[in-house]
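**Q** Give me the fold of what follows.
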Amino acid sequence: QKAMALEETSIREEPDSAWGYIGKSLMLGAAAALGWMQPREDVLEEATELAKNALRLDPENYMSHYTLARVLSRRNAYDESILHFQRASELNPSDSIVLIGMSVPLLYSGETEQALDVLEQAAAVDPLHGDWLRWQQGLAHWQNGDCEKGLSAMQSMSSPPVSSGKALAVILVCLDRMDEAQEAMAVFSEKRPDHSLESEMAAIPSDWKPDGTAERWIESLRSAGLR
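**A** From the prediction side, this is the model:
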């Protein structure tokens with residue numbers, strides 16, 4: 001909230017600069033995705049308008065494209081999102097966060113190999129990349145059916161975010177390591193006691209490609225103990 005207030009001051013005092021719109025849009029997108037602000041679609045709609053304003057004001061700023069790409073990805077507009085990620089990467093090929101972000105709509109679109117490729121590019125650009133890259137690699141390898149590699153990626157995280165516990169549990173189910181999967185889910189549920197299978201189904205895209213991936217994800221979470 002303090003950060004949002006600073007971005008709003010930036011927009012008010014410098015309305016012709018893209019940066020305040022970029023910052024507030026990114027914050028709203030995260031708030032919607034993590035459930036901090038509701039209703040989700042209304043928050044994402046505001047984030048989209050802010051990102052479009054940023055792009056209108058500064059179309060050659062790679063962060064304008066990145067910001068719009070992120071919110072479009074969260075609204076399941078994957079093709080358009082990927083185009084803006086690609087443009088952001090063209091404008092600044094040295095930012096690994098752009099490449100990691102691009103892997104999200106690529107995975108949901110079923111472009112698993114391409115997602116793995118951009119994640120490798122991100123690691124090459126920034127050898128000191130953070131846990132988000134490893135988390136995305138874990139998901140990509142799980143989606144690709146290589147759960148040993150997925151587990152290796154997840155276990156290489158230095159400070160795993162709470163939400164990554166779901167992916168860890170799903171990968172352990174894939175490897176038939178059920179006791180460990182249930183333990184991972186118990187850790188997640190202790191920190192997010194209000195999260196349920198119902199809220200998970202509402203959060204993931206129903207058209208997650210390849211067909212059947214969303215169902216596979218939900219059933220794995222059920223097997224790990226999420227109710």
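**Q** ranges for the helices of this protein?
**A** 2-13, 19-33, 40-57, 62-74, 78-91, 96-108, 112-125, 131-143, 147-155, 164-174, 178-191, 197-203, 213-224 (DSSP state H).
**Q** What mean pLDDT does the fourth one get?
**A** Pointing back at helix 62-74 there. Per-region confidence: helix 62-74 scores 97 on mean pLDDT.
**Q** For the lowest-mean-pLDDT helix or strand in the chain, list the C-alpha coordinates in CSV.
**A** In the chain, the helix or strand scored least confidently by mean pLDDT, DSSP states H and E is helix 197-203, which has a mean of 91. C-alpha atoms of helix 197-203 as CSV (Å, rounded to 0.1, in the frame of the first residue of the first chain):
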residue,chain,number,x,y,z
LEU,A,197,-9.1,-27.1,-4.7
GLU,A,198,-12.0,-24.8,-5.5
SER,A,199,-9.9,-21.6,-5.3
GLU,A,200,-7.1,-23.4,-7.3
MET,A,201,-9.5,-24.3,-10.1
ALA,A,202,-10.6,-20.7,-10.3
ALA,A,203,-7.0,-19.5,-10.5
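**Q** Can you spell out which helices and strands pack onto it?
**A** Contacts defined by 3 or more C-beta pairs under 8 Å, 6 or more residues apart in numbering; DSSP states H and E place helix 197-203 against helix 213-224. In this view, the C-beta of every residue, glycine as well, is placed from N, C-alpha and C.
**Q** and the helix it packs on, which residues are buried?
**A** Buried positions in helix 213-224, judged by neighbour count with 16 or more other C-beta atoms under 10 Å: 213-214, 216-218, 220-221, 223-224.
**Q** between these, which is nearest G35?
**A** L221 (16.8 Å; C-beta to C-beta).
**Q** Which residue is the nearest non-sequential neighbour of the residue nearest to the spatial centre of the chain?
**A** Geometric centre of the chain, nearest residue: V104, 5.6 Å, by C-alpha atoms, centre = their mean. Excluding the flanking residues, the one nearest V104 by C-beta to C-beta, 6 or more residues apart in numbering is S73, at 5.2 Å.
**Q** same thing with A3?
**A** Once chain neighbours are set aside, the closest to A3 by C-beta to C-beta, 6+ apart is M27, at 6.2 Å.
**Q** The residue nearest to the centre of the chain and M37, how far apart?
**A** 20 Å (C-beta to C-beta, to the nearest Å).
**Q** sorry, back to before: rank the helices of the chain by mean pLDDT and give me the bottom one.
**A** Looking at the helices of the chain, the bottom one is helix 197-203 with a mean of 91.
**Q** can you tell me how far the closest residue in space to P161 that isn't next to it in sequence sits from D176?
**A** Computed as C-beta to C-beta, 6+ apart, the closest residue to P161 that is not its neighbour in sequence is D131, at 6.7 Å. Distance, D131 to D176, by C-beta to C-beta: 25 Å.
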